[in-house]
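Engineer: what would the 3D arrangement of this be:
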Amino acid sequence: MKAWFSDSGQRVEVFIPSRRWFRPLMGRCCQACTPRSWDGFYHTRLSSLGFRSATWVTEEDTRYRGWLVRRICCVLAVGSWKVLTNTPGDLLERVCSNKRVQDVAASQACGCRGDSKFQQQCKEKVLGILAGIQAPLCLPMLRLCCWALLRFLSCLFFSVQLHRGQLDMVLRAVRRKPGVPLVFLSTHKSQLDGLLLSFLLFSQGLGVPRVTVGNLTCSPRLRALLGCLGAVFLPTRVEQALSDQDGELPVAVLASYVEEVLRSRQPLVVFLEEPSAPWHLSGPARAWLAPLYRAVRDGAVPDILLVPVGIAYDRTPDRFCRDGAEPSAQPLGLRACLWAACRALCRCFGCARVDLAQPFSLQEFVAKSLICQSSMGKPLEELLPTILGMLSSQPDYSRADGPEHRMTTSSEAEEEMMVTKLGLHALSDAIACSAVTAVGITSALLLHKHRKCVRLSQLMADFAWLLEETLLRQHDVSFSGQLRALVLHSLAMLRAHLTLYHLAPLGDVLVVVKDSAETQWELSCHSTQIVPIFASEAVGACAIRALLLELLPFVGEAPCPSSITFSEDELHHKILTLLQLLPPSLLGLKPCQPLDCQSQDILDKLTLCGLLEAEEEGERYLCDVSSRRCRTPHWTNLDFSDSDTDSDDNHCKRCFRICEPKDSPGFLLFFCHLLSPVLATYVRAVAFLEQHSWPQPAMCARALQQFLAEENGLEHPMWSLVLSTLQSFKNIGVLKERPSPSGPLLHLTQPFCSSEGRRKLRAFLEQFMQL
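Structural biologist: This is a model prediction of the structure:
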């Protein structure tokens, strides 16, 4: 962008578009786990079909034309939407005749299976559980609520964008596999998501979906209304029922009901996360994914088409409970929902965007995963020796990390492993296909690059730079238009946390960020959108920062970073250490990709973006621990023959020098700051480890949240960071669970019971932080 003043005194701005600014092809499924779906359910021309707003209804959406039609087109359009399938009328008889339901009921009735009294009691129990799960659709109420929701969404958002090519891709998959049910696996940003997706799928010809409800507690009236609109609920305490004999019947009824929904080919919407805990596979999601896996494994349905869904808001609609707050003891009522809707109409939430990723086959995913499971290597070495400064042998990074890769033999453990892997994989795909909003880009710049203040012209230049970097990494954005209008729109969405000053002599605007914990919390929530996009570069930048910190005691005064060279082994070691520390879901990484491949991919991305430069022949090295220098390019030493010998000693190790891209100043510091909120939470949680009594994991998470709230000055810190901290501490061996009569309890491992061990853990975490 260039600016100057014309002869008339007006400030003229000329925008020079980049030839690389194009909407990328996004939403492709995993080629390694589902290669046939990757080839079969996609066509390159689909990306050119453009967008449409689902809330913009005209007479072209009806079968009629004319003056009167243009005024009642919303009513005519909603009345013409088709309900393709519905719950079968004999649902109760089908569920009662299910073999698993009968076996569980017979085991609880001490074997009196053929008794007529037993059958009547069993039917009454099943009817009560089934009534708590679902209700028959009420078509008049459904169409009335869809019309009201159409008007409500039109007032709430400027537009609700949907890509025509993504919709056509899903419809092509349905036509190509007739009779195969559709299941949409979605991210969860707001309590409005369920109504929004139900409205979108119904209006776009995919039928009325059954939408799962997570941990939201509803009053009987609201529960009945949502059930008439297609909502389905988990039976009471179904997550704890797996180890309880009295709870086996609700689990069996739920599995049988899901099978009947799939057989009737009703679309099903499952939310993979909770609004207060993004990037974490929720307990209700696992409870809904388990019946899907069993249905394909047991042959109840031949296959299921899974469609990851990403949702993005410029400004997330107000949630019924604050992020990570304790749920209210009183259930959410219908009156509270109507009052929240009226309050929301008085505010502006910008635009909304829903993205549908490429469908993939569950049967293919399970078959491919079982093959990969049979060829797993030995477990990863823990990080404890590295944290405590102990020497250890070279760990094996030949496979992906996580609990789903542990060697198991029982069918229950195999089912749990497969459900976890499926949920994390679908969540990664849904996050990858989610579009980035203008508010997310602006928040990231204000939080990680311009923490105090910035001129509007500089903010616009940085916005254009970050936008181009986002598009180059094959991620789409949810906006279009002039650069100045986009930045001003995002500043208007954040106006409660900013102060703007007009600089009259310069004709510019000074944007000042308010110095408050609430502002930091709000910007951090919005900026999480770009973390999965630049997660690889952020991990690599933090690894470089840790290496520079280790080098400072040996060089005296701080040298110029461009004069420092690191070996490939040093970089790989630090990157792998950080990958083991952070949960893969937090970084948006594929759970099927081995850690050594992820490390190599990160190193390649750092080279491509210009932060690292491969050392040329004949140059001297300041910090190199490799045994030899590269005298030939790396690819010339690769063996392309059919030989089975694949030793690492057959090629030279590369060396890299730190560089600063000329067109991207401050690139390295920006990437280091991206993971600062996560790592800072980890460091603060080390002081929490000094507590001597460890309650149950859920209570421990609440206690950690309260501890962080007292330090940060926030009423409720981000719940997702609390869960990530506990998960990471358990993964690296700082915390361990032990069984007890009241459930699993957390306890500190022996090395960290002392203050010296906790000091080493804190120093290990702080080496990756950009202070």
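Engineer: which parts of the stretch 651-771 of the chain are strands?
Structural biologist: Here the stretch 651-771 of the chain has its strands, by DSSP state E, counting those that start in this stretch, at 655-658, 735-738, 745-748.
Engineer: before we move on, what about the stretch 451-600 of the chain?
Structural biologist: For the stretch 451-600 of the chain, the strands defined by DSSP E, counting those that start in this stretch occupy 453-455, 498-503, 508-513, 565-567.
Engineer: among these, which is the most enclosed?
Structural biologist: strand 565-567 (a mean of 22; mean count of other Cβ atoms under 10 Å). C-beta coordinates here come from the backbone N, C-alpha and C atoms, glycine included.
Engineer: that strand pairs with which strands?
Structural biologist: Using DSSP bridges, the strands paired with strand 565-567 are strand 655-658 (antiparallel).
Engineer: quick one: mean pLDDT over the strand it pairs with.
Structural biologist: Averaged over strand 655-658, pLDDT sits at 85.
Engineer: cool, and stretch 756-771?
Structural biologist: 86.
Engineer: list the buried ones in that stretch?
Structural biologist: Using 16 or more other Cβ atoms under 10 Å as the test for burial, stretch 756-771 gives 757-758, 760-762, 764-770.
Engineer: what residues does that stretch touch?
Structural biologist: Stretch 756-771 has contacts (Cβ atoms under 8 Å, 6 or more residues apart in numbering) with 386-389, 542-543, 545-546, 549-550, 578, 581, 669, 672-673, 675-676, 679-680, 682-683, 686, 689-690, 734, 751-752.
Engineer: now intersect the residues you listed with the helices, please.
Structural biologist: Here DSSP state H is the test, and the contacts of stretch 756-771 give 386-388, 542-543, 545-546, 549-550, 578, 581, 669, 672-673, 676, 679-680, 682-683, 686 as lying in helices.
Engineer: all helices for the stretch 201-350 of the chain, in order.
Structural biologist: Residue ranges of the helices in the stretch 201-350 of the chain, as given by DSSP state H, counting those that start in this stretch, are 220-228, 248-263, 283-297, 334-344.
Engineer: dump those into TSV; add mean neighbour count, distance to L137 and mean pLDDT as well.
Structural biologist: Converted to TSV, the helices of the stretch 201-350 of the chain look like this (neighbours: other Cβ atoms under 10 Å; distance: least, Cβ to Cβ, whole Å; pLDDT from 0 to 100):
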stretch	mean neighbour count	distance to L137	mean pLDDT
helix 220-228	17	7	91
helix 248-263	22	12	90
helix 283-297	21	19	93
helix 334-344	13	19	89
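Engineer: so, low pLDDT: which residues of the stretch 451-600 of the chain?
Structural biologist: Applying pLDDT under 70 to the stretch 451-600 of the chain flags residues 554-563.
Engineer: what about 80?
Structural biologist: Counting by pLDDT under 80, the stretch 451-600 of the chain has low-confidence residues at 504-506, 552-564, 588, 591.
Engineer: re the thing from before, adding distance to V213, write the buried residues of stretch 756-771 out as a markdown table.
Structural biologist: Output for these, formatted as a markdown table (distance: Cβ to Cβ, whole Å):
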| residue | distance to V213 |
| --- | --- |
| G757 | 43 |
| R758 | 41 |
| K760 | 45 |
| L761 | 39 |
| R762 | 41 |
| F764 | 41 |
| L765 | 37 |
| E766 | 42 |
| Q767 | 43 |
| F768 | 39 |
| M769 | 39 |
| Q770 | 41 |
